[in-house]
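Asker: Here's a sequence, model it:
(one chain, ligands or ions: 1)
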Amino acid sequence: MKAIVSLNSGSSSIKFALYALDGGTPHLSAGGKIDAIGIAPHLLASTNDGKILLDRDWPNGEAMTHAELLENLFQWSAEHLDGCEILGIGHRVVHGGTKFAEPRLVDENLLEELQTLCPLAPLHQPHNLAAIRAIRLLQPDLPQVACFDTAFHHGKPDLASRLALPRSLHEQGIRRYGFHGLSYEHIACQLREVDSSLAHGRVIAAHLGNGASLCAMQGGRSVDTTMGFTALDGLMMGTRSGSIDPGVILHLQNQMGMSASEVEQLLYRQSGLLGVSGISGDMRTLSDSPAPEAKEAIALFTWYAAREAGGLVSSLGGLDGLVFTAGIGENNANVRSRICRRLEWLGLAIDERANTANEAIISAPDSRVKILVIPANEERMIASHTLQFVGNQCP
Ligand code: ADP
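Answerer: Numbering: from 1, shown residues only. Predicted coordinates:
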């Protein structure tokens, strides 16, 4: 069997998916995750139909690096995925900067260029690149492809890329990039399959996971998005603040004496649902909690999402469809319902029965705006991009 691997390497987890190539078309055959990296790493891999292939713990593995864990994963796959020939590995790379609007085959020059973008995404980019480097050491001849989360937003209008700062800063790369691009690209592809007229229309895609953003798409292309210079902008998230008056940051530093790294920690790790509830950054935990602080955090999350969606409707000049995706967007009917009800004035009418049943179409038949739920699948997008580079090796 020939296969392609999609890899999403973050600070505390590495997600992987193995796509078998039957007649050249990738289909998911197995996948899994190494999580709790830096604490007590745990590796779980299973087949597409749920059979556990590997379940391994490193209880004293707090010092294990991403590279060591990847080496373990490679060793295991060489021993157990008998007859499986990996043609290439595709990586989610958070930042492609101003230059990379398409996936790229990795070489040393590309890695050096991507390394210079680490200051723009300090919590994500170094881990993405570390995984690529680790695999280059393990298997130097294996083709690797970098797929950028910023790429989908590349063609958006210049105005939607600008911050109201001096021009020279824009030239230095301080601009609104946008993220979650692989997820939005997948939504655009799926829309073309399930509803081609909507695919040509004005759509807001809501990627609501631990990280959360909205993308305004017209004809399947990004025209605006809520994340900007970093993945901190826009919606309130699990532990990130989202958009915030920049004066708050000045106040924290100048009046309250916080250092830059303390502010960074506050905005990325201690804010959002976690900060407001004081309980958890996980929507499931908050949904199960009777505490008023949990209810307030959920209310604020949906308030911000609807408020930002209203802004994107202005960028689109109207709205034909709203698509929910990612952990919260796919599974939390209450959050979807609250966001949609706040947007009723736009002509959205949610079908609460379909919504509670997590159906694919959750708008009422008379809704002027269609409301859909489409499961996120960035890995699939990465695999198909990677196939473009190694496709000539397919059977
Ligand atoms: P990430 O951005 O890390 O990929 P996910 O897309 O997995 O995140 O989303 C994580 C969020 O989705 C968490 O807040 C979690 O509580 C929520 N979530 C995941 N599954 C469910 C579910 N079945 N029901 C309700 N919430 C869920």
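Asker: mind listing the helices in the stretch 151-300 of the chain by residue range?
Answerer: Assigned by DSSP state H, counting those that start in this stretch, the stretch 151-300 of the chain shows helices spanning 167-171, 181-194, 196-199, 246-254, 260-269, 272-277, 283-288, 292-316.
Asker: Would you mind giving these as TSV with mean pLDDT and distance to Asn48 added?
Answerer: Quick note: C-beta positions are derived from backbone N, CA and C, even for glycine. Below are these laid out as TSV (pLDDT from 0 to 100; distance: least, Cβ to Cβ, whole Å):
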stretch	mean pLDDT	distance to Asn48
helix 167-171	96	45
helix 181-194	97	17
helix 196-199	96	27
helix 246-254	98	45
helix 260-269	95	33
helix 272-277	98	31
helix 283-288	97	24
helix 292-316	98	32
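Asker: Quick check: which of those is nearest to the ligand?
Answerer: helix 283-288 (3.4 Å; Cβ to the nearest ligand atom).
Asker: And the residue of the stretch 251-395 of the chain closest to the ligand?
Answerer: For the stretch 251-395 of the chain, the residue closest to the ligand is Gly327, as judged by Cβ to the nearest ligand atom, at 2.1 Å.
Asker: What count of nearby residues applies to Gly23?
Answerer: 6 (other Cβ atoms under 10 Å).
Asker: repeat for the one 10 residues further on
Answerer: Using other Cβ under 10 Å as the criterion, Lys33 is surrounded by 16 other residues.
Asker: Ok, Ala349 next?
Answerer: Counted with other Cβ under 10 Å, Ala349 comes out at 16.
Asker: and what of Glu308?
Answerer: Glu308: 23 neighbours (other Cβ under 10 Å).
Asker: right, and it touches Thr226 too?
Answerer: Yes. With contact defined as Cβ atoms under 8 Å, Glu308 reaches Thr226; the gap is 4.9 Å.
Asker: Spit out the residues that contact the two alike.
Answerer: Listed as contacting both Glu308 and Thr226 by Cβ atoms under 8 Å, 6 or more residues apart in numbering are 214, 234-235, 243.
Asker: Any chance of CSV for those residues, columns distance to Ala121, pLDDT and neighbour count?
Answerer: Below are the shared contacts of Glu308 and Thr226 laid out as CSV (distance: Cβ to Cβ, whole Å; pLDDT from 0 to 100; neighbours: other Cβ atoms under 10 Å):
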residue, distance to Ala121, pLDDT, neighbour count
Leu214, 19, 98, 23
Gly234, 15, 98, 28
Leu235, 18, 98, 24
Ser243, 17, 97, 16
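Asker: what's the offset of the helix or strand of the chain with the lowest mean pLDDT from the middle of its chain?
Answerer: Lowest mean confidence among the helices and strands of the chain (mean pLDDT, DSSP states H and E): helix 66-80, at a mean of 84. Here helix 66-80 is found 25 Å from its chain centre; the criterion is Cα atoms, centre = their mean, to the nearest Å.
Asker: How about stretch 255-272?
Answerer: The answer for stretch 255-272 is 23 Å, by Cα atoms, centre = their mean.
Asker: Kindly report the same for stretch 71-90.
Answerer: On Cα atoms, centre = their mean, the centre of stretch 71-90 falls 25 Å from that of its chain.
Asker: list the contacts for whichever residue of the stretch 101-250 of the chain sits closest to the ligand?
Answerer: Nearest residue of the stretch 101-250 of the chain to the ligand: Gly209, at 2.6 Å (Cβ to the nearest ligand atom). By Cβ under 8 Å, 6+ apart, the residues touching Gly209 are 238, 326-329, 376.
Asker: Restrict stretch 145-160 to CA atoms and write it as PDB.
Answerer: Extracted in PDB, the C-alpha atoms of stretch 145-160 (Å, rounded to 0.1, in the frame of the first residue of the first chain):
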ATOM      1  CA  VAL A 145       5.300  19.400   1.900                       C
ATOM      2  CA  ALA A 146       4.500  22.600   3.900                       C
ATOM      3  CA  CYS A 147       0.800  23.600   3.800                       C
ATOM      4  CA  PHE A 148       0.200  27.100   5.200                       C
ATOM      5  CA  ASP A 149      -2.700  28.200   7.300                       C
ATOM      6  CA  THR A 150      -2.300  31.700   5.900                       C
ATOM      7  CA  ALA A 151      -2.400  30.700   2.300                       C
ATOM      8  CA  PHE A 152      -6.200  30.600   1.800                       C
ATOM      9  CA  HIS A 153      -6.400  34.300   2.800                       C
ATOM     10  CA  HIS A 154      -3.700  35.400   0.400                       C
ATOM     11  CA  GLY A 155      -6.000  36.700  -2.300                       C
ATOM     12  CA  LYS A 156      -8.200  38.800   0.000                       C
ATOM     13  CA  PRO A 157      -8.600  42.500  -0.800                       C
ATOM     14  CA  ASP A 158      -5.700  44.700   0.200                       C
ATOM     15  CA  LEU A 159      -7.900  46.700   2.600                       C
ATOM     16  CA  ALA A 160      -8.700  43.500   4.500                       C
END
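Asker: Which residues belonging to it are considered buried?
Answerer: By neighbour count on 16 or more other Cβ atoms under 10 Å, the buried set for stretch 145-160 is 145-154, 156, 160.
Asker: Turn the residues you listed into a markdown table, columns for distance to Glu113 and pLDDT.
Answerer: Formatted as a markdown table, these follow (distance: Cβ to Cβ, whole Å; pLDDT from 0 to 100):
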| residue | distance to Glu113 | pLDDT |
| --- | --- | --- |
| Val145 | 15 | 98 |
| Ala146 | 10 | 98 |
| Cys147 | 15 | 98 |
| Phe148 | 12 | 98 |
| Asp149 | 16 | 97 |
| Thr150 | 13 | 97 |
| Ala151 | 14 | 97 |
| Phe152 | 19 | 97 |
| His153 | 19 | 98 |
| His154 | 16 | 95 |
| Lys156 | 22 | 95 |
| Ala160 | 24 | 97 |
